[in-house]
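Engineer: got a sequence here, can you build the structure:
(one chain, ligands or ions: 2)
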Amino acid sequence: MGLHYSHHKHCLTHHQSPINIHTRTAKYDPSLKPLKFNYDPKTAKRIVNVGHCFNVEFEDTCDRSVLTDGPLTGHYRLCQFHFHWGSSDKDGSEHNIDGKLYPAELHIVHWNSKSYATFAEAAQHPDGVAVVGVFLKLGNANPFLQSIIENLDKVKTKGKACPFTEFDLDGLLPKDLNYWTYMGSLTTTPYFECVTWIILQEAISVSSEQLEQFRRLQRTSENENPSFILENHRPVQPLDHRVVLSSCP
Ligand SMILES: NS(=O)(=O)c1nccs1
Ligand SMILES: [Zn+2]
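Structural biologist: Ligands and ions are numbered 1, 2, ... in the order given. From the prediction side, this is the model:
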(Lines give C-alpha, C1' and ligand atoms only; values in the text may rest on other atoms or scores of the structure.)
(Ligands and ions follow the chains in the order given, each with its own letter.)
Protein backbone atom coordinates (compact mmCIF):
# COMPACT_ATOMS: atom_id res chain seq x y z
CA MET A 1 0.00 0.00 0.00
CA GLY A 2 1.26 3.45 -0.78
CA LEU A 3 4.09 2.69 -3.23
CA HIS A 4 3.47 3.29 -6.93
CA TYR A 5 5.76 2.01 -9.67
CA SER A 6 6.54 4.70 -12.25
CA HIS A 7 8.07 2.74 -15.11
CA HIS A 8 10.12 5.45 -16.74
CA LYS A 9 12.11 5.94 -13.55
CA HIS A 10 12.05 2.28 -12.50
CA CYS A 11 11.48 3.40 -8.99
CA LEU A 12 8.75 3.50 -6.40
CA THR A 13 6.97 6.80 -5.70
CA HIS A 14 4.82 8.01 -2.86
CA HIS A 15 1.63 10.00 -3.37
CA GLN A 16 1.49 11.81 -0.04
CA SER A 17 -0.41 14.88 1.17
CA PRO A 18 -0.51 17.82 1.71
CA ILE A 19 1.03 19.50 -1.35
CA ASN A 20 1.66 23.01 -2.60
CA ILE A 21 -0.91 23.72 -5.34
CA HIS A 22 0.71 25.72 -8.17
CA THR A 23 -2.47 27.25 -9.59
CA ARG A 24 -1.01 28.06 -13.01
CA THR A 25 0.02 24.41 -13.50
CA ALA A 26 -3.38 23.03 -12.44
CA LYS A 27 -5.25 21.70 -15.49
CA TYR A 28 -8.87 22.72 -16.15
CA ASP A 29 -10.89 19.52 -16.66
CA PRO A 30 -14.31 20.29 -18.24
CA SER A 31 -15.46 16.75 -17.40
CA LEU A 32 -15.34 17.55 -13.65
CA LYS A 33 -18.87 17.95 -12.23
CA PRO A 34 -20.06 20.43 -9.59
CA LEU A 35 -19.79 19.08 -6.03
CA LYS A 36 -23.08 17.88 -4.53
CA PHE A 37 -23.27 18.13 -0.71
CA ASN A 38 -26.25 16.45 0.94
CA TYR A 39 -25.78 16.87 4.71
CA ASP A 40 -28.47 16.16 7.31
CA PRO A 41 -27.77 18.39 10.38
CA LYS A 42 -29.30 15.69 12.59
CA THR A 43 -26.42 13.27 11.82
CA ALA A 44 -24.02 15.34 13.96
CA LYS A 45 -23.11 13.23 17.00
CA ARG A 46 -20.21 14.44 19.20
CA ILE A 47 -16.92 16.35 19.49
CA VAL A 48 -13.85 14.27 20.47
CA ASN A 49 -10.33 15.40 21.43
CA VAL A 50 -8.18 12.85 19.58
CA GLY A 51 -4.88 14.25 20.83
CA HIS A 52 -3.53 15.93 17.71
CA CYS A 53 -6.85 17.75 17.00
CA PHE A 54 -10.60 17.54 17.72
CA ASN A 55 -13.03 15.68 15.47
CA VAL A 56 -16.68 16.57 15.03
CA GLU A 57 -18.12 13.11 14.39
CA PHE A 58 -21.23 12.22 12.42
CA GLU A 59 -23.49 9.18 12.37
CA ASP A 60 -22.15 7.13 9.46
CA THR A 61 -24.04 3.85 9.72
CA CYS A 62 -26.20 4.84 6.72
CA ASP A 63 -26.13 7.27 3.79
CA ARG A 64 -27.87 10.24 5.45
CA SER A 65 -25.07 12.77 4.85
CA VAL A 66 -23.22 12.21 1.59
CA LEU A 67 -20.96 13.89 -0.94
CA THR A 68 -21.50 12.98 -4.61
CA ASP A 69 -20.36 14.15 -8.08
CA GLY A 70 -17.36 16.48 -8.36
CA PRO A 71 -14.45 14.20 -9.34
CA LEU A 72 -16.10 11.27 -7.56
CA THR A 73 -17.82 8.12 -8.77
CA GLY A 74 -20.61 6.88 -6.52
CA HIS A 75 -21.36 8.36 -3.07
CA TYR A 76 -19.11 9.13 -0.16
CA ARG A 77 -20.54 9.13 3.37
CA LEU A 78 -19.67 11.97 5.80
CA CYS A 79 -17.91 10.65 8.90
CA GLN A 80 -16.14 13.60 10.58
CA PHE A 81 -14.58 17.01 10.17
CA HIS A 82 -11.59 18.56 11.92
CA PHE A 83 -9.13 21.42 11.55
CA HIS A 84 -5.41 21.98 11.20
CA TRP A 85 -3.85 25.14 12.60
CA GLY A 86 -0.51 26.77 13.43
CA SER A 87 1.21 28.17 16.52
CA SER A 88 0.55 31.67 15.10
CA ASP A 89 -1.79 33.13 12.47
CA LYS A 90 1.14 33.12 10.01
CA ASP A 91 0.74 29.45 9.15
CA GLY A 92 -1.53 26.53 9.93
CA SER A 93 -3.01 25.25 6.68
CA GLU A 94 -1.70 21.95 5.29
CA HIS A 95 -2.13 22.68 1.59
CA ASN A 96 -0.48 25.81 0.22
CA ILE A 97 -1.69 27.86 -2.74
CA ASP A 98 1.23 29.14 -4.81
CA GLY A 99 3.30 28.99 -1.62
CA LYS A 100 0.67 30.94 0.37
CA LEU A 101 -0.26 29.47 3.76
CA TYR A 102 -3.59 30.14 5.47
CA PRO A 103 -3.94 30.26 9.27
CA ALA A 104 -6.04 27.07 9.28
CA GLU A 105 -7.67 24.41 7.10
CA LEU A 106 -10.93 22.48 7.56
CA HIS A 107 -11.02 18.83 6.46
CA ILE A 108 -14.43 17.26 5.86
CA VAL A 109 -13.83 13.50 5.73
CA HIS A 110 -16.03 11.09 3.73
CA TRP A 111 -15.63 7.42 2.76
CA ASN A 112 -16.82 5.43 -0.28
CA SER A 113 -19.95 3.71 1.06
CA LYS A 114 -20.81 2.33 -2.38
CA SER A 115 -17.78 0.00 -2.32
CA TYR A 116 -16.84 -0.40 1.36
CA ALA A 117 -18.54 -1.04 4.71
CA THR A 118 -16.51 1.20 7.05
CA PHE A 119 -13.99 4.08 6.98
CA ALA A 120 -11.28 1.68 8.20
CA GLU A 121 -11.89 -0.67 5.26
CA ALA A 122 -12.21 2.18 2.76
CA ALA A 123 -8.90 3.69 3.92
CA GLN A 124 -7.15 0.56 2.56
CA HIS A 125 -8.13 1.49 -1.03
CA PRO A 126 -7.10 4.31 -3.43
CA ASP A 127 -10.78 5.22 -4.06
CA GLY A 128 -11.78 4.80 -0.42
CA VAL A 129 -11.75 8.31 1.03
CA ALA A 130 -12.70 11.82 -0.14
CA VAL A 131 -11.63 14.83 1.93
CA VAL A 132 -12.92 18.33 1.17
CA GLY A 133 -10.37 20.94 2.25
CA VAL A 134 -11.57 24.47 3.04
CA PHE A 135 -9.08 27.24 3.84
CA LEU A 136 -9.74 29.57 6.77
CA LYS A 137 -8.59 33.18 6.23
CA LEU A 138 -8.26 35.80 8.98
CA GLY A 139 -11.30 38.04 9.27
CA ASN A 140 -14.49 38.42 11.27
CA ALA A 141 -15.35 35.72 13.78
CA ASN A 142 -17.14 32.88 12.01
CA PRO A 143 -20.52 32.30 13.73
CA PHE A 144 -20.67 28.66 12.59
CA LEU A 145 -17.27 28.01 14.21
CA GLN A 146 -18.47 29.66 17.44
CA SER A 147 -21.03 26.90 18.09
CA ILE A 148 -18.14 24.39 17.95
CA ILE A 149 -15.62 26.52 19.90
CA GLU A 150 -17.99 27.06 22.84
CA ASN A 151 -17.87 23.29 23.39
CA LEU A 152 -14.07 22.94 23.37
CA ASP A 153 -13.79 23.54 27.12
CA LYS A 154 -15.64 20.21 27.54
CA VAL A 155 -13.02 18.29 25.52
CA LYS A 156 -9.87 20.04 26.81
CA THR A 157 -7.83 16.87 27.26
CA LYS A 158 -7.06 13.89 25.04
CA GLY A 159 -9.80 11.28 24.91
CA LYS A 160 -12.58 13.54 26.17
CA ALA A 161 -15.84 13.75 24.16
CA CYS A 162 -19.06 15.72 24.44
CA PRO A 163 -22.41 15.42 22.66
CA PHE A 164 -22.77 17.73 19.66
CA THR A 165 -26.04 17.26 17.79
CA GLU A 166 -27.83 19.29 15.13
CA PHE A 167 -25.04 21.06 13.23
CA ASP A 168 -25.51 22.68 9.79
CA LEU A 169 -22.20 21.86 8.08
CA ASP A 170 -23.32 23.82 4.99
CA GLY A 171 -22.57 26.90 7.11
CA LEU A 172 -18.85 26.10 6.88
CA LEU A 173 -18.88 25.95 3.06
CA PRO A 174 -18.05 29.04 0.96
CA LYS A 175 -20.49 30.35 -1.68
CA ASP A 176 -18.20 29.43 -4.57
CA LEU A 177 -17.71 25.65 -4.75
CA ASN A 178 -15.02 25.60 -7.44
CA TYR A 179 -12.17 23.27 -6.49
CA TRP A 180 -8.81 21.72 -7.27
CA THR A 181 -8.54 17.93 -7.02
CA TYR A 182 -5.66 15.42 -6.88
CA MET A 183 -4.92 11.93 -5.52
CA GLY A 184 -3.07 11.82 -2.20
CA SER A 185 -2.97 10.52 1.34
CA LEU A 186 -4.19 11.02 4.87
CA THR A 187 -2.05 13.79 6.40
CA THR A 188 -1.94 12.10 9.81
CA THR A 189 -1.02 8.59 10.78
CA PRO A 190 -1.43 6.05 9.15
CA TYR A 191 -0.87 8.27 6.04
CA PHE A 192 -2.67 5.74 3.79
CA GLU A 193 -2.78 6.76 0.09
CA CYS A 194 -6.54 6.51 -0.11
CA VAL A 195 -7.70 10.12 -0.51
CA THR A 196 -9.28 11.97 -3.40
CA TRP A 197 -8.48 15.52 -2.24
CA ILE A 198 -11.01 18.23 -3.15
CA ILE A 199 -9.63 21.65 -2.17
CA LEU A 200 -12.13 24.54 -2.40
CA GLN A 201 -10.75 27.65 -4.08
CA GLU A 202 -12.69 30.12 -1.88
CA ALA A 203 -11.80 30.47 1.82
CA ILE A 204 -14.14 30.96 4.81
CA SER A 205 -13.37 33.40 7.65
CA VAL A 206 -11.98 32.82 11.14
CA SER A 207 -10.90 35.39 13.76
CA SER A 208 -7.59 35.43 15.61
CA GLU A 209 -9.46 34.95 18.89
CA GLN A 210 -11.21 31.84 17.54
CA LEU A 211 -7.85 30.35 16.51
CA GLU A 212 -6.51 31.05 20.01
CA GLN A 213 -9.29 28.79 21.35
CA PHE A 214 -8.06 25.92 19.14
CA ARG A 215 -4.54 26.28 20.66
CA ARG A 216 -5.92 25.86 24.19
CA LEU A 217 -6.74 22.22 23.52
CA GLN A 218 -4.37 19.77 25.20
CA ARG A 219 -2.71 16.82 23.44
CA THR A 220 -2.22 15.24 26.87
CA SER A 221 -4.81 13.36 28.92
CA GLU A 222 -6.20 14.86 32.13
CA ASN A 223 -3.74 13.09 34.47
CA GLU A 224 -0.61 14.13 32.52
CA ASN A 225 1.32 17.40 32.64
CA PRO A 226 -0.56 19.61 30.19
CA SER A 227 0.90 20.13 26.72
CA PHE A 228 -1.11 22.23 24.26
CA ILE A 229 -1.94 21.49 20.61
CA LEU A 230 -0.24 24.67 19.38
CA GLU A 231 0.01 23.38 15.83
CA ASN A 232 -0.92 20.21 13.92
CA HIS A 233 -0.23 20.81 10.22
CA ARG A 234 1.98 18.44 8.20
CA PRO A 235 4.70 19.86 5.89
CA VAL A 236 4.00 19.75 2.13
CA GLN A 237 5.08 16.58 0.32
CA PRO A 238 6.65 16.04 -3.16
CA LEU A 239 4.10 16.29 -5.98
CA ASP A 240 6.22 13.92 -8.09
CA HIS A 241 4.38 13.37 -11.40
CA ARG A 242 0.90 14.04 -10.11
CA VAL A 243 -1.35 16.49 -11.94
CA VAL A 244 -3.72 18.81 -10.05
CA LEU A 245 -7.03 19.29 -11.87
CA SER A 246 -9.25 22.37 -11.62
CA SER A 247 -13.04 22.52 -11.92
CA CYS A 248 -12.81 25.96 -13.58
CA PRO A 249 -10.57 27.49 -16.27
N1 LIG B 1 -5.95 15.00 7.95
S2 LIG B 1 -6.81 13.96 7.07
O3 LIG B 1 -8.11 14.51 6.75
O4 LIG B 1 -5.98 13.58 5.94
C5 LIG B 1 -7.08 12.53 7.98
N6 LIG B 1 -6.12 11.84 8.59
C7 LIG B 1 -6.63 10.74 9.23
C8 LIG B 1 -8.01 10.59 9.12
S9 LIG B 1 -8.62 11.85 8.19
ZN1 LIG C 1 -6.91 16.69 8.27
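
Engineer: what residues does residue 214 make contact with?
Structural biologist: Taking Cβ atoms under 8 Å, 6 or more residues apart in numbering as the contact definition, residue 214 lies against 83, 85, 104, 149, 152, 229. C-betas here are computed from N, CA, C, even on glycine.

Engineer: for residue 164, same thing?
Structural biologist: Residue 164 makes contact with 44, 45, 46, 47, 56, 148, 151, according to Cβ under 8 Å, 6+ apart.

Engineer: show the buried residues in the residues you listed.
Structural biologist: Among the contacts of residue 164, those scoring as buried are 44, 45, 46, 47, 56, 148 (criterion: 16 or more other Cβ atoms under 10 Å).

Engineer: just put the residues you listed in TSV and tack on secondary structure and pLDDT.
Structural biologist: Supplementary listing: those in TSV, determined by DSSP: H, G, I helix; E, B strand; the rest coil; pLDDT from 0 to 100:
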residue	secondary structure	pLDDT
44	strand	98
45	strand	98
46	strand	98
47	strand	98
56	strand	98
148	helix	98
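
Engineer: widest-spaced pair of these?
Structural biologist: Distance extremes for these: the farthest pair is 45 and 148 at 13.2 Å, using Cβ to Cβ.

Engineer: what about the nearest residue to residue 76 once chain neighbours are set aside, how many residues nearby?
Structural biologist: Nearest non-adjacent residue to residue 76, counting by Cβ to Cβ, 6 or more residues apart in numbering: residue 110, 3.6 Å away. By the measure other Cβ atoms under 10 Å, the count of residues near residue 110 is 30.

Engineer: element containing residue 110, please.
Structural biologist: Residue 110 is located in strand 104-112, with elements delineated by DSSP states H and E.

Engineer: distance from that strand to the middle of the chain?
Structural biologist: Computed by Cα atoms, centre = their mean, to the nearest Å, the chain-centroid distance of strand 104-112 equals 3 Å.

Engineer: tell me which parts of the chain are close to ligand 1?
Structural biologist: By Cβ under 6 Å from any ligand atom, the residues of the chain that approach ligand 1 are 107, 109, 131, 186, 187, 188.

Engineer: can I get these in CSV including neighbour count?
Structural biologist: Compiled in CSV, those are given as follows (neighbours: other Cβ atoms under 10 Å):
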residue, neighbour count
107, 23
109, 24
131, 24
186, 19
187, 24
188, 16
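
Engineer: can you give me the helices for this protein?
Structural biologist: When assigned using DSSP state H, the helices of the chain occupy the ranges 119-122, 143-149, 208-214.

Engineer: and residue 239, which of those helices is closest to it?
Structural biologist: Using Cβ to Cβ, these put helix 119-122 closest to residue 239, at 24.2 Å.
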